Each structure stands twice: as C-alpha cells, then as structure tokens.
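Visitor: Here is a sequence together with a model predicted from it:
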Amino acid sequence: MKSDNFFEKVYWVVKQIPFGKVTTYGAIAKYLSSPKASRMVGWALNASFKNKGFTIPAHRVVNRLGILSGKKYFGNNNTMQELLENEGVNVKKDKIINFNKHFWDPNIELI
DNA sequence: ACATTGACGGAAA
DNA sequence: ATTTCCGCCAATG
C-alpha cells in the first residue's frame, strides 16, 4: 500500500499544518521517525508539486532557520513569500520574521 | 548496477 | 564561533 510510503506520510503531515502556521523539514522528518531524513521531506514536496491534483501547502514548510529554501520551486521567485504573507506570516529577505511564533511542531500538535 | 544529487540538519573538527 | 562532513532515502544520470 502506498500510504506506507515516506512520501505519503509527508504529504499527510503537511496537509495538517494550520493556516498561518509553518513547520520545518526536520520537524516533519522527526515526526516520521527519521530525524535525519529531512532532505527527503523537501524532496517529497518537490515530487508532489509535479503531480498536480496533490495540492499541499508546501509553502508552509521551511528549513530550520525559517528561510524559504524552496521558493524557487514555486515558479516565480516570490510566490512562496506571497503565499505566506497572505496568511499573515511576515517574510523579510526570504526569511520568516518571528519564526518561533508561527512555528507549528507536528511532534507536539499531532498525537 | 554504480555514482551523484537534493526544498536539511546535527555532529564533529 | 565557523566550517566541514556525514546520514537519511529515492530518483536520476
């Protein structure tokens, strides 16, 4: 079953991120019991992007510094930032302001 | 089938 | 404190 795939789990978690909140690749990886597979998380998102029909809020996932590391994958170089600011998340120079305030940790919020 | 790469992150030097 | 290295797992060359 595909729902057991690493990717599927990633997609599921990302979909749980509430409006106006953000999380990190590492946090998701950790939640999936593979704390060191953070690279795979972003990679999974990239794969999901090709596959339209899978609309997941990938813009709510940033690296641990709150930097929009994957903004280039959103077509235009400022699409990701606009999406975030549209949700009340302030971004300055590709970095989220008050990152801690917007941070949503699946390890805590999800059981 | 083997090597390299990637939206990362933590440990080691 | 800063820089470098390694692991994670799947895909691509």
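Guide: Arrived safely. Nothing here was measured: the structure is a model prediction, and the numbers come from that model.

Visitor: and A:Lys72, helix, strand or coil?
Guide: Three-state assignment for A:Lys72 (DSSP: H, G, I helix; E, B strand; the rest coil): helix.

Visitor: Would you tell me which helix is longest in chain A?
Guide: Assignment by DSSP state H gives helix A:38-50 as the longest helix of chain A.

Visitor: Which residues does that helix contact?
Guide: A:6-7, A:10-11, A:14, A:24-26, A:28-29, A:32, A:34, A:54, A:56, A:58, A:61, A:69-70, A:73 (Cβ atoms under 8 Å, 6 or more residues apart in numbering). C-betas here are computed from N, CA, C, even on glycine.

Visitor: near DNA strand B, from these?
Guide: A:24-26, A:29, A:58, A:61, A:69-70, A:73 (Cβ under 7 Å from any atom of the strand).

Visitor: Can you pull up the most central residue in chain A?
Guide: A:Val61 (1.9 Å; Cα atoms, centre = their mean).

Visitor: re earlier: now do the buried residues in the longest helix of chain A.
Guide: For helix A:38-50, burial by neighbour count (16 or more other Cβ atoms under 10 Å) applies to A:38, A:40-42, A:44-45, A:48-49.

Visitor: CA atoms only: put that helix into CSV for me.
Guide: Presented in CSV, the C-alpha positions along helix A:38-50 are these (Å, rounded to 0.1, in the frame of the first residue of the first chain):
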residue,chain,number,x,y,z
SER,A,38,14.9,16.0,6.4
ARG,A,39,16.2,16.1,2.9
MET,A,40,13.6,13.6,1.8
VAL,A,41,10.9,15.8,3.1
GLY,A,42,11.6,18.6,0.8
TRP,A,43,12.3,16.2,-1.9
ALA,A,44,8.9,14.6,-1.5
LEU,A,45,7.3,18.0,-1.7
ASN,A,46,9.1,18.7,-4.9
ALA,A,47,7.8,15.4,-6.3
SER,A,48,4.3,16.2,-5.2
PHE,A,49,4.5,19.5,-7.0
LYS,A,50,4.9,17.9,-10.3
